[in-house]
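# one predicted model, sequence on top.
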Amino acid sequence: MPPLPSPTEDKGKAIQEMTEDDKAAVAAAEARQRSFERSLAGPSVGKAGLMRDQTDINRIIAEASKGSKYYLNQVRKDKELTEKIEWYQAKRDELMKMANIPKLESEAERILIEVEATRDLSQTIVHCDMDAFYAAVEVQRDPTLKGKAFGVGRGVLTTASYEARKYGCRSGMAGFIAKKLCPHIIFTEMHFDLYIAASKSVREVLLQYDENLMMASLDEGYLNITPYMNANDMTAAEVVSQMRAEVEAKTQLTMSAGIAPNRMLAKICSDKNKPNGQYEMEFERTVITKFMRDLPVRKIPGFGRVTERCLEGLGVETCGDIFTHRAELLVMDHWFGFRGLCKAYLGIADNNVAPGKREERKSVGVERTFRDKTDDEDILNELTSIAEELEKDLERLQYSGKTVTVKYKLHTYENKTRAKSVGKYISTSKDILPIALELMKRELPVRIRLLGIRLSTLKDLTIADRGIKGFFTSPSKKRPASTEAGNSRSTTPIIIDADDDTELMRMEREDEAEVMDMTADDSDNVDSPLPSDIGTPPPTSMFGKRKLSETHLLGPVCPICNKALGPGTSNIGLNEHIDWCLNRDAISEASKKSPAAKKARTDGKSTAKKGRDVKGTMLDWLKKS
């Protein structure tokens, strides 16, 4: 009897018998699966120093997550994102059919020249990043952990030691997933008092080099060391080496650093020689553009999983591909933001370094993650406790606001929000809680794993009233001024220039908001609300700071995208806009309708251009050019 063919031989024979179309379909399906597994792996994909192949890590995470609610939610989101990418591709093809490509390329090159003219190589910016900060502090607390693979946090890892990272473990990963990747990993409790004390010691050193130090979180920050270099006649490398040595001498913790002409490049460079190293970018245009050409778009700060996949759908995988596909990206400017992509291609970004300002804060909020809650009374009691905690934060930070938003995450990992604006500024639980309870009771019964309250449309109470009320207020009752901007418990949205805030960036912010709850399962103990001093100040992306506006005082502000919706916006309109901002369910809808029209509807505004589609706009633009 002849031997039976092996499965590999059967597969090879089957592939040989396929038509070219069938082979293409199989290849496309395999590519989609790899892309999906990559998205499951989270934000730390492609980190250096892995002992195992990244594709293998992605597969293990996918297999370990299979069947969980998180996995099913990611399948749904991946399907919606795939539909959105297909919509982008169809829209690109439609626009390119009518386009004069030479003119488009000429216009794209003109814009690139304009962006290039903004390049500034006069400032020396440093991004400092502590090495495995929480893990390093834990080793100081318990020296027996040194050299071992361990993670900080029980249900969800806050960070992992470098020994655990070699196996693919990372922050935001569920403990049971980390166990699959690294069976001998050790889990430790979190000790925020120690992390805060260590961060304070680090800041004290960094402030000696730049009094305008911009802290991005407890363990990283930006400095402009140009004045220090000039005053002490030192090179950038000498200053950073001295600074890192002083940090280590004071804290016994190591720090890595990147030196470059702007914050974006400095952040990328700080990851080049981790841990305990530094990397200096040459301040030459040709060197910078060559460096950026082969850099994967995922390496750009602010470019995450969503941006990566959408750009891949248009053939852009590296920054150099942005120039190759400049005509196509220009016609998709409404959704992708061509100028922002030009900045990434050229390595141009903001080089302003300053601590966060109070007026930049858009909201104050408290969120808690827990095991699934289904009991109505239990949920409302949790909401009461959150409102009381929010009152304490508002008192400490000295803000009041007009828009109350209740956010909850279903057991299926879908985010929902309900919001209501009131006619006066409020800051106490006595005023906030009734509104929050009213919003939440309408949703019951629900099964949730996260609950939070956020107050937006803020008023800074450290600024004295200039109206009649301020005139009659006793000086003894006026609050003392405070420079502390404070931090909320939840992730603050990325702040970008309003001109560069595209649909793609809004989708990315929504995805990033779920980073710390990526693979947690029902069995995980994730009840670990962060102290308010732990949250990061409003960060700035590569696109620069938001242009400040007072228009938010005339109407409710979306707590997700921070956009003022106008004084005529009703509570229903506000809720519809927030749901569109927050949930990917809108992607499926948007795949059938023009996003331009959808934006007009969700913003609750009427416009004279309502009947005008993108196609007509593009033709008009081409005629003008």
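Done, it's in. As the structure is a prediction and not an experimental result, all values here were calculated from the model.
# point out where the protein drops to low pLDDT.
Within the chain, the ranges that satisfy pLDDT under 70 run 1-17, 37-52, 464-501, 506, 508-625.
# switch to 50 and redo it
Along the chain, the parts satisfying pLDDT under 50 run over 471, 474-499, 515-554, 567, 584-625.
# how does it divide into domains?
What automatic domain parsing lists as the domains of the chain is 7-74, 99-121+286-356+513-625, 125-280, 358-466.
# sec struct for the nearest residue to residue 365 once chain neighbours are set aside, please.
Counting by C-beta to C-beta, 6 or more residues apart in numbering, residue 454 is the residue found nearest to residue 365 once chain neighbours are left out, at 3.3 Å. For every residue, glycine as well, the C-beta is placed using N, CA and C. Using DSSP: H, G, I helix; E, B strand; the rest coil as the criterion, the local structure at residue 454 reads strand.
# residues near residue 454, how many?
Applying other C-beta atoms under 10 Å, we find 25 residues neighbouring residue 454.
# bridging residues for it?
Counting by DSSP bridges, residue 454 forms beta bridges with residue 365, residue 405.
# nearest to residue 83, out of the domains of the chain?
Closest to residue 83 of the domains of the chain is domain 99-121+286-356+513-625 (C-beta to C-beta; 4.5 Å).
# how about the helices in the stretch 351-500 of the chain?
376-397, 429-441, 468-472 (DSSP state H, counting those that start in this stretch).
# distance check, the residue nearest to residue 365 against residue 403.
For residue 454, the distance to residue 403 (C-beta to C-beta, to the nearest Å) stands at 8 Å.
# with residue 434 instead?
15 Å.
# of the two, which one has the most company?
residue 403 (26 against 12).
# so after the helix or strand encompassing residue 32, what's the next helix or strand?
Element membership for residue 32, per DSSP states H and E: helix 20-41. The helix or strand immediately downstream of helix 20-41 is helix 54-65, counting by DSSP H and E.
# buried stuff in that following helix?
57, 58, 59, 60, 61, 62, 64, 65 (16 or more other C-beta atoms under 10 Å).
# just confirm the second one contacts residue 33, I think it does.
In other words, residue 58. No. Here residue 58 lies out of contact with residue 33, judged by C-beta atoms under 8 Å, at a distance of 9.9 Å.
# ok, now which ones touch the closest residue to residue 101 other than its chain neighbours?
Nearest non-adjacent residue to residue 101, counting by C-beta to C-beta, 6+ apart: residue 327, 5.3 Å away. By C-beta atoms under 8 Å, 6 or more residues apart in numbering, the contact set of residue 327 is 96, 99, 101, 104, 105, 108.
# looking at those residues, which are in strands?
Among the contacts of residue 327, no member falls in strands (DSSP state E).
# where helices are concerned, which of these count?
Members of the contacts of residue 327 lying in helices (criterion: DSSP state H): 96, 101, 104, 105, 108.
# pull out the buried residues from those.
With burial judged by 16+ other C-beta under 10 Å, the buried subset of the ones in helices among the contacts of residue 327 is 104, 108.
# where along the stretch 101-250 of the chain do the helices fall?
Going by DSSP H, counting those that start in this stretch, the stretch 101-250 of the chain shows helices at 101-116, 133-141, 162-165, 175-181, 192-206, 226-232, 236-251.
# quick one on the thing from earlier: so can I have a markdown table of the domains of the chain showing distance to residue 84?
Shown next, in a markdown table, are those (distance: least, C-beta to C-beta, whole Å):
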| stretch | distance to residue 84 |
| --- | --- |
| domain 7-74 | 14 |
| domain 99-121+286-356+513-625 | 4 |
| domain 125-280 | 24 |
| domain 358-466 | 17 |
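# mind checking which of those is nearest residue 80?
Nearest to residue 80 among those is domain 99-121+286-356+513-625 (4.0 Å), distances taken as C-beta to C-beta.
# follow-up on the earlier one: need the helices of the stretch 101-250 of the chain in a markdown table (columns: distance to residue 407).
Below are the helices of the stretch 101-250 of the chain laid out as a markdown table (distance: least, C-beta to C-beta, whole Å):
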| stretch | distance to residue 407 |
| --- | --- |
| helix 101-116 | 37 |
| helix 133-141 | 26 |
| helix 162-165 | 31 |
| helix 175-181 | 25 |
| helix 192-206 | 23 |
| helix 226-232 | 42 |
| helix 236-251 | 36 |
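# so which of those helices comes closest to residue 268?
Of the helices of the stretch 101-250 of the chain, nearest to residue 268 by C-beta to C-beta is helix 236-251, at 15.5 Å.
# re earlier: now, which of the buried residues of helix 54-65 sits nearest residue 135?
residue 57 (19.0 Å).
# compute the number of surrounding residues for the residue lying closest to that closest one once chain neighbours are set aside.
Residue nearest to residue 57 in three dimensions, not counting chain neighbours: residue 168, with 3.7 Å by C-beta to C-beta, 6+ apart. Each residue near residue 168 was counted by other C-beta under 10 Å, and the total is 28.
# what about residue 168, distance to residue 134?
Taking C-beta to C-beta as the measure, residue 168 falls 18 Å from residue 134.
# got it, and residue 503?
Residue 503 is 35 Å from residue 134, by C-beta to C-beta.
# okay, the two: which has more neighbours?
Legend: neighbour count by other C-beta under 10 Å for residue 503 and residue 134, higher for residue 134 (25 against 19).
# doesn't residue 160 make contact with that one?
No. At 9.1 Å, residue 134 does not count as touching residue 160 under the criterion of C-beta under 8 Å.
# now for the two: what residues contact both?
By the contact definition C-beta under 8 Å, 6+ apart, residue 134 and residue 160 are jointly contacted by residue 152.
# now tabulate the ones in helices among the contacts of residue 327 in JSON lines and tack on distance to residue 237.
As requested, the ones in helices among the contacts of residue 327 are exported to JSON lines (distance: C-beta to C-beta, whole Å):
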{"residue": "96", "distance to residue 237": "47"}
{"residue": "101", "distance to residue 237": "46"}
{"residue": "104", "distance to residue 237": "43"}
{"residue": "105", "distance to residue 237": "40"}
{"residue": "108", "distance to residue 237": "37"}
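# tell me the two of the ones in helices among the contacts of residue 327 that are most distant?
Maximum pairwise distance among the ones in helices among the contacts of residue 327 (C-beta to C-beta): 13.1 Å, between 96 and 108.
# tell me which element the residue nearest to residue 101 is part of?
Element membership of residue 327, judged by DSSP H and E, is helix 326-331.
# using PDB, list the CA coordinates for that helix.
Output in PDB follows, covering the C-alpha atoms of helix 326-331 (Å, rounded to 0.1, in the frame of the first residue of the first chain):
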ATOM      1  CA  ARG A 326       1.400  61.700  -2.900                       C
ATOM      2  CA  ALA A 327      -1.300  62.200  -5.600                       C
ATOM      3  CA  GLU A 328      -3.600  59.500  -4.100                       C
ATOM      4  CA  LEU A 329      -3.100  60.900  -0.600                       C
ATOM      5  CA  LEU A 330      -3.800  64.400  -1.700                       C
ATOM      6  CA  VAL A 331      -7.200  63.500  -3.100                       C
END
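# any idea which helix or strand comes after that helix?
Next element after helix 326-331 (DSSP H and E): helix 333-336.
# burial count for residue 400?
19.
# how about JSON lines for the contacts of residue 327, with distance to residue 186 added?
Shown next, in JSON lines, are the contacts of residue 327 (distance: C-beta to C-beta, whole Å):
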{"residue": "96", "distance to residue 186": "55"}
{"residue": "99", "distance to residue 186": "58"}
{"residue": "101", "distance to residue 186": "58"}
{"residue": "104", "distance to residue 186": "56"}
{"residue": "105", "distance to residue 186": "56"}
{"residue": "108", "distance to residue 186": "53"}
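# between those residues, which is nearest residue 460?
Using C-beta to C-beta, residue 108 is the member of those that lies nearest residue 460, at 42.1 Å.
# wait, the closest one touches residue 328, no?
No. The criterion here is C-beta under 8 Å, and residue 108 misses it with residue 328 at 9.6 Å.
# quick check: buried residues in stretch 74-87?
Applying 16+ other C-beta under 10 Å to stretch 74-87 flags 74, 76, 77, 78, 80, 81, 82, 83, 84, 85, 87 as buried.
# separation between residue 503 and residue 335?
As judged by C-beta to C-beta, residue 503 and residue 335 stand 5 Å apart.
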